[in-house]
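[1] Sharing a model prediction with you, sequence too.
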Amino acid sequence: QVQLVQSGGGLVQPGGSLRLACAASGSIESIAATAWYRRAPGKRREWVARITSGDTTNYADSVKGRFTISRDNAKNTVYLQMNSLKSEDTASYYCMSTVAAVGYIEGLEVWGQGTLVTVSS
């Protein structure tokens, strides 16, 4: 079984910073990519950023230049550093990894439990 456990998040003032973490555990052979998504109240889920096993990164235009996705292979953890936060960044944030797991022929899409980020003064 593979699971993603998220940490970080909370309340921050506009212009502040937060770092989210997404730690993978279980019978993992490899992780092809990890992405962050968010869902604001009353809105559809939005893709935020992605990092591949080759360290290629991509960002949504709404966060480009403010958010940075990175990973620590030794810890099987992906981070989302969020700077210059705005009220419109308020949302529940979810990580999702595409994982090659022991005993599975096809890759698995595994989701974290979500963490709330609130940007407010």
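    That came in fine, so what should we check first?
[2] Give me the nearest residue to the residue of the chain most remote from its centre, chain neighbours excluded.
    If you look at how far each residue of the chain sits from its centre, by C-alpha atoms, centre = their mean, the farthest one is Gly103, at 25.4 Å. Once flanking residues are discounted, Gly103 sits nearest to Ser27: 6.8 Å by C-beta to C-beta, 6 or more residues apart in numbering. Where you see a C-beta, it was placed from the backbone N, CA and C, and this is true even at glycine.
[3] same thing with Ser7?
    Sequence neighbours aside, Ala21 is the residue nearest to Ser7 in space, at 4.7 Å (criterion: C-beta to C-beta, 6+ apart).
[4] sorry, back to before: so the residue farthest from the centre of the chain sits against Gly26, correct?
    No - applying C-beta atoms under 8 Å, one finds Gly103 not in contact with Gly26, separated by 10.7 Å.
[5] which residues in this structure form helices?
    Taking DSSP state H as the criterion, the chain contains no helices.
[6] could you pull out the strands for the protein?
    2-7, 10-12, 18-26, 28-39, 46-52, 57-59, 67-72, 77-82, 91-101, 108-111, 115-119 (DSSP state E).
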